[in-house]
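A.B. asks: Below are the sequence and a predicted model; questions follow.
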Amino acid sequence: MPQTAVIAPPAAPPAAPLTADAWAWLDGGSAGMFAAAGPFRKSSTPPAEETAFYVNDFALSDAAPWRIPARTTALPEAPAAEQPGVAWVPPSREDFAAVFADLMQGVRTRNILKAVPVAVATGRLLSGNPAAWLRHLLSHRPAGIQGLPFAWMEEAHGFGGFTPEILFQIDGTRLTTMALAGTTDADHAAELTERPKLGREHAVVVDELQRRLAALGKVTTGKREVVRQGTMRHLRTPLEVTLAEPPTGAALNEIIRLLHPTPALGVSPRHDSAIALLQSCRDRMQTPAAFGAPFGVAWPGGALFVVAIRGVFWHGDDVLLPAGCGIVAGSEFEAEWAELELKRAWVKRALGLEAS
């Protein structure tokens with residue numbers, strides 16, 4: 001896999017409007033570092049011989065989600081930036097309790113096995129520029145911050161952070177993914193292997209991914225493990241499948257739709273009524289459209305898609321900090337509420353946005 005993105009100029013005039021005031025960032029570790037500034041042209045499919053970024057919402061409603069850089073130069077080094085000041089308002093406990101009750105009713109009636117509600121802290125920008133700050137932060141990652149740095153900025157809105165979750169990665173015909181579900185703080189890490197609820201939550205994700213991946217080929221499932229992200233601990237199981245041929249163009253879109261959303265951020269089973277219930281819960285909690293959505297990059301011979309979590313989402317002076325939790329049989333409100341706060345607190349610390 002390439003260690004740096006080689007961004008070729010477009011082979012033909014742009015078929016969709018160029019976006020000049022935009023930039024993209026995805027540090028995939030061993031997969032390579034990908035960053036580019038606008039202008040970008042939009043496309044419904046990725047080009048075969050160019051690097052392109054994928055930007056969409058949770059519902060995958062953008063028919064032209066690919067952003068193809070028109071410049072061959074990468075982003076210049078990020079200058080120092082002022083740390084933003086944000087006045088935070090915590091999410092409504094009462095509103096989340098209502099959403100939690102509705103989803104637990106779906107679990108009790110066996111309409112759903114697992115769903116992921118979201119609670120959103122809202123903020124008002126008091127000073128600084130979140131886009132400039134985030135770009136500086138991602139290029140100068142603070143010591144001890146785990147996760148893959150990701151960001152997309154366009155005009156007055158954007159999102160970014162450090163995600164622990166890969167939706168899938170392509171290397172030739174090899175597709176790898178992960179089930180990442182089940183969270184505790186570091187002091188209660190033993191519960192990941194001892195608490196039945198957390199085991200069920202993780203197993204639902206593994207089983208669902210195995211079923212979906214079986215449509216692509218023989219699935220190999222790795223060993224479940226405990227991984228860390230700062231003060232948090234998660235259960236993770238790697239999965240792999242060998243494809244018949246390297247996916248290009250529309251085939252990549254089909255894989256995205258096959259895997260997104262995994263039950264780690266969505267709902268299982270993935271039928272119409274369950275999806276409608278989940279979307280209703282997201283809307284009621286004013287969840288950013290891009291939270292939990294696929295964000296990625298494709299290049300000749302490979303691709304990497306992450307899940308847009310553990311970050312902030314902003315539009316103008318409005319800043320949103322969402323977090324989700326897995327609801328299954330045996331879920332308890334207080335434990336889930338505490339998990340949401342654990343995740344939001346980590347993001348504030350990692351992104352230097354604790355000021356209020």
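C.D. replies: The structure has been received and is ready for your questions.

A.B. asks: how much space between the residue lying closest to residue 56 once chain neighbours are set aside and residue 46?
C.D. replies: Nearest non-adjacent residue to residue 56, counting by CB to CB, 6 or more residues apart in numbering: residue 65, 4.0 Å away. C-beta here means a position set from N, CA and C on the backbone, and glycine is covered the same way. Distance of residue 65 to residue 46, computed by CB to CB, to the nearest Å: 10 Å.

A.B. asks: Spit out the residues that contact those two alike.
C.D. replies: residue 54 (CB atoms under 8 Å, 6 or more residues apart in numbering).

A.B. asks: The two: which is more packed in?
C.D. replies: It is residue 46, of residue 65 and residue 46, that has more neighbours when counted by other CB atoms under 10 Å, with 28 against 24.

A.B. asks: Show me what the helix or strand hosting residue 134 is packed up against.
C.D. replies: Here residue 134 sits within helix 130-139, counting by DSSP states H and E. Other helices and strands packing on helix 130-139, by 3 or more CB pairs under 8 Å, 6 or more residues apart in numbering; DSSP states H and E, are strand 22-27, strand 148-154, strand 157-163, strand 311-315.

A.B. asks: now do 10 Å
C.D. replies: With contacts defined as 3 or more CB pairs under 10 Å, 6 or more residues apart in numbering; DSSP states H and E, the packing partners of helix 130-139 are strand 22-27, strand 33-37, strand 148-154, strand 157-163, strand 311-315.

A.B. asks: what comes up buried for the first one?
C.D. replies: Residues 22, 23, 24, 25, 26, 27 are the ones in strand 22-27 that count as buried (16 or more other CB atoms under 10 Å).

A.B. asks: Who are the contact partners of the last one?
C.D. replies: Taking CB atoms under 10 Å, 6 or more residues apart in numbering, we find residue 27 in contact with 33-35, 138-139, 141, 147-151, 162, 304, 306.

A.B. asks: Now it: closest residue in space that isn't a chain neighbour?
C.D. replies: residue 149 (4.4 Å).

A.B. asks: distance between the helix or strand harbouring residue 100 and the chain's centre?
C.D. replies: Using DSSP H and E, residue 100 maps to helix 93-108. Relative to its chain's centre, helix 93-108 lies at 23 Å (CA atoms, centre = their mean, to the nearest Å).

A.B. asks: mind listing the helices in the stretch 151-300 of the chain by residue range?
C.D. replies: 191-194, 196-213, 250-259, 272-284 (DSSP state H, counting those that start in this stretch).

A.B. asks: Might you list the low-confidence residue ranges for the protein?
C.D. replies: The model of the chain has pLDDT under 70 over residues 1-18, 71-76, 355-356.

A.B. asks: one step back: tell me if I'm right that the residue nearest to residue 27 and residue 161 touch.
C.D. replies: Yes - look at residue 149 against residue 161 with CB atoms under 10 Å: they come within range, at 7.8 Å.

A.B. asks: Could you name every residue contacting both of those two?
C.D. replies: The contact lists of residue 149 and residue 161 share 134, 137, 138, 311, where a contact means CB under 10 Å, 6+ apart.

A.B. asks: OK, contacts around the second one?
C.D. replies: For residue 137, the residues meeting the contact criterion (CB under 10 Å, 6+ apart) are 78, 81, 83, 130, 145, 149, 151, 160-162, 350-353.

A.B. asks: at 7 Å instead, please
C.D. replies: Residues near residue 137 by CB atoms under 7 Å, 6 or more residues apart in numbering: 351, 352.

A.B. asks: ok so, going back, out of the buried residues of strand 22-27, which is nearest to residue 175?
C.D. replies: Distances from residue 175 to those, taken as CB to CB, are shortest for residue 26 (17.8 Å).

A.B. asks: need the contact list for the closest one.
C.D. replies: The contact partners of residue 26, taken as CB under 7 Å, 6+ apart, are 34, 150, 296, 297, 304, 306.
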